[in-house]
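Engineer: The following comprises the amino acid sequence and a computationally predicted model.
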Amino acid sequence: MDKHDQLNRIKENFINSQKVLQAIGDETRQSILLVLMKTECKTGLRVGEITEQTHLSRPAVSHHLKVLRDAGIILMRKEGTKNFYFINIRSKLDLLKNLVMNIDKFMKDFH
């Protein structure tokens, strides 16, 4: 693959990764992700539990959870009227891995 093709692939990776980059670029969402990483994968946490551990308001936590869900980074499991949030193991974070690997390969090949 030549330099031009690699740059096009990297550009495509950036476009595909935009939602994920925006979602994880926020410090508040990073703190929510760290809280979720401490819990069992499929068990998850409720908004109130995340609120307690992050010291954010419930509406703020709900907003940030929506952004993370829309980006495909976390999932929600319903149990009756209760919602449990957890990290999506097969998440869109793989897009970032591909982006970083392609940039790394480009830098090694052409610099």
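Structural biologist: Sure thing, it's come through. What you see is a predicted model; the values in this text were computed from it and never measured.

Engineer: what's the single longest helix in the protein?
Structural biologist: helix 3-24 (DSSP state H).

Engineer: just checking, next helix/strand downstream of that one?
Structural biologist: Once the chain leaves helix 3-24, the next helix or strand it forms, by DSSP states H and E, is helix 27-37.

Engineer: who touches the residue most central in space within the chain in this structure?
Structural biologist: With distances taken as C-alpha atoms, centre = their mean, residue 73 lies nearest the centre of the chain, 3.7 Å away. Neighbouring residues of residue 73 by C-beta atoms under 8 Å, 6 or more residues apart in numbering: 20, 23-24, 33, 87-88, 91-93. C-betas here are computed from N, CA, C, even on glycine.

Engineer: One more pass at 6 Å, please.
Structural biologist: Counting by C-beta atoms under 6 Å, 6 or more residues apart in numbering, residue 73 touches 23, 88, 91.

Engineer: Confirm for me that the second one is in contact with residue 75.
Structural biologist: To tie it back to what came earlier, the one meant is residue 88. Yes: counting by C-beta atoms under 6 Å, residue 75 is a contact partner of residue 88 at 4.7 Å.

Engineer: Mind picking out the helix or strand in the chain with the poorest mean pLDDT?
Structural biologist: Least confident helix or strand of the chain, by mean pLDDT, DSSP states H and E, is helix 93-110 with a mean of 91.

Engineer: Quick check: buried residues in that helix?
Structural biologist: Within helix 93-110, the residues that count as buried by 16 or more other C-beta atoms under 10 Å are 93, 95-96, 99, 102, 106.

Engineer: just to revisit the earlier point, which non-adjacent residue is nearest the residue nearest to the centre of the chain?
Structural biologist: residue 91 (5.0 Å; C-beta to C-beta, 6 or more residues apart in numbering).
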